[in-house]
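Chemist: Got a predicted structure plus its sequence, pasted below:
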Amino acid sequence: ITQGTLHTNASSNHALTVAGTLEVDGTDAVLTCNASALTIGQADVDSGYGLYNTGGTVNGGTGNWTVSQMKHHSGTTTLTTGTITMNGKHPSSGAVLEKTNTGTFTHPTNGIIDITGEDGYIGISGTNMTLYELRINSGSTHKIIASATGNTLTCTTLTITNGGLNTAHASFESSTLTVTGQVDITGTLTCNASAVSIGSLKCQASSTLNATSGTTTITSENSSGQAIVMNNSMTFNNNDGTFLITTPAATNIYFKSANALHHLTINHSSADIVLAGNPDDLKCEGDLTITAGTLQSTTSGATLEVDGDASVTGTLNWSGTSGGAVELGSLTINSGGTYSATSGTTTITSDDDGSEGRCFYVHTNGTFTHNKGTIDCTSGSYPEVEVVGQSVTKNPFYNIKSTASRMAWKSTTNTILNNCTIAGCAFNSADGYVNCLGILENTANTYNASGSTNSNHFAEHFLLSGGTLDLSNINITVGSIRNTGGTITG
């Protein structure tokens, strides 16, 4: 069509079939499709362009189309609100769907592009491409080619039923992928180093997600109130990237420890992220950062494992897990942050790797609620613990342990409401002391190896099962004392 209008007749909606290429070429060329069915480029789906707009106007209408390949070069292209099945690719370029930076390209609300052909690419040149719903159902992997860093493919929903979608191709830049609604994967999604933003993510049993090495942002939830669902039998490669959840609502996430994230960040004041399942296990190989909002689980036995550092300015709540295990490299509770602990054991594995140079740190305006649980510091290299302003009524420990190494107490007052088991200890300053209202057991090394000259040390019961109780520079008040294998000096 080089001039004039080809109209399928709105009253009859005649079907239009073009065995080869349908080209709309020139500012006076118009294709108006109404509710008609279009079948284009089916003589040989890999022979060339199917629908090709080189400067005209395409009025898509509402019918369903079958098109081998489609390219918008210039002009105005408005696609149909029906389903476009794309079953071929260009023989030389490999393009399935291609858009340049000239003219206007619109995929209307409720429109569907369903790619069923063999491996090809979606080309974005000079500007972004916005689709309503994109489906990959081909058995092959389709790649996004971006001509410049930051070129974005935006969809309302993305469904990969069979085959895959890859955000980069050969030497081209990684494209940005933005899906405002749900991404549902049964096939494979490979994100390379792309910036990825998703409303919600659902990975089915047979799916593969190769996450970006950058940041995957989750902004919303699906109609079932789920922000992330990762089936335990899926394949997940985190590529050392970050998952950032900014969903402004109470929403569920489903994980198993086999699907370990690298970094996880929660950052929205209205985010209430609930680890759900029966039980589910959340593991981060890197860091957990709760900048704002809440991460919690209410499932009995649910576990949380963070190999790196956990930094909490919002809320981390594991009190509803009936003793579900928590293991963190370090825990820093910042000003305004809260950790409502498991009633079981919170294991801290590093010595001083947190942002404050401590393995366990609570700011004076932070909140630590023990829930009668245990803090177990397992580092063999002097774990450093500081709860600023700690007292019987402010952020006390219930139970705390350090049996692999001497404890390094960095607070002035170190308060334990029940039991404290340590392999010796040292204090940060002369006025440092321990106030233990239950059993204070020293298993090895020296109690007060250095630091304290305070006379306020207290233990309801002091058990010396090993090592040395050095009283050279301190006084300690006890309800009772028992020596089963140690030495008292001073």
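Modeler: Received it, and whenever you're ready, just let me know what you need. Numbers count the residues shown, from 1 in each chain.
Chemist: Packing partners of the helix or strand where residue 153 lies?
Modeler: Secondary structure from DSSP states H and E places residue 153 in strand 152-166. Secondary-structure packing of strand 152-166 (3 or more Cβ pairs under 8 Å, 6 or more residues apart in numbering; DSSP states H and E): strand 121-124, strand 129-146, strand 176-185, strand 188-190. Every residue, glycine included, has its C-beta placed from N, CA and C.
Chemist: Kindly recompute the last result at 6 Å.
Modeler: Here strand 152-166 touches strand 129-146, strand 176-185, strand 188-190, going by 3 or more Cβ pairs under 6 Å, 6 or more residues apart in numbering; DSSP states H and E.
Chemist: Figure out which of those is closest to residue 272.
Modeler: Of all the helices and strands packed on strand 152-166, strand 176-185 sits nearest to residue 272, with 19.7 Å by Cβ to Cβ.
Chemist: for that closest one, which positions count as buried?
Modeler: 176-185 (16 or more other Cβ atoms under 10 Å).
Chemist: and the gap between residue 55 and residue 399?
Modeler: Separation of residue 55 from residue 399 (Cβ to Cβ, to the nearest Å) stands at 76 Å.
Chemist: Just read off the phi/psi values of the spatially most central residue of the chain.
Modeler: For the chain, residue 243 is the residue whose C-alpha lies nearest the centre (Cα atoms, centre = their mean; 2.4 Å). Phi and psi for residue 243, reported as degrees, to the nearest 10, are phi -100, psi 120.
Chemist: For it, list the residues it contacts.
Modeler: For residue 243, the contact set (Cβ atoms under 6 Å, 6 or more residues apart in numbering) comprises 216, 261, 264.
Chemist: if we go to 8 Å?
Modeler: 211, 215-216, 218, 228, 261, 263-265 (Cβ atoms under 8 Å, 6 or more residues apart in numbering).
Chemist: I'd say residue 252 and residue 227 touch.
Modeler: Yes: using Cβ atoms under 8 Å, residue 252 is in contact with residue 227, at 6.9 Å.
Chemist: sorry, back to before: next, give me the two most distant ones among the buried residues of strand 176-185.
Modeler: Across those (Cβ to Cβ), the longest gap, 19.9 Å, separates 176 and 184.
Chemist: Verify the stated contact: residue 448 with residue 468.
Modeler: No: with contacts counted by Cβ under 8 Å, residue 448 stays clear of residue 468, the gap being 9.2 Å.
Chemist: what about these two, which has more around it?
Modeler: Each of residue 448 and residue 468 has its neighbours counted (other Cβ atoms under 10 Å); residue 448 has more, 27 against 19.
Chemist: I figured residue 124 hits residue 144, correct?
Modeler: Yes: using Cβ under 8 Å, residue 124 is in contact with residue 144, at 6.7 Å.
Chemist: Find the residues that touch each one of those two.
Modeler: Counting by Cβ under 8 Å, 6+ apart, the shared contacts of residue 124 and residue 144 are 153, 175.
Chemist: At which residues are the strands of the stretch 151-300 of the chain located?
Modeler: With strands called from DSSP state E, counting those that start in this stretch, the stretch 151-300 of the chain shows them at 152-166, 176-185, 188-190, 196-203, 208-210, 215-218, 226-230, 235-237, 242-245, 250-254, 263-275, 281-284, 288-297.
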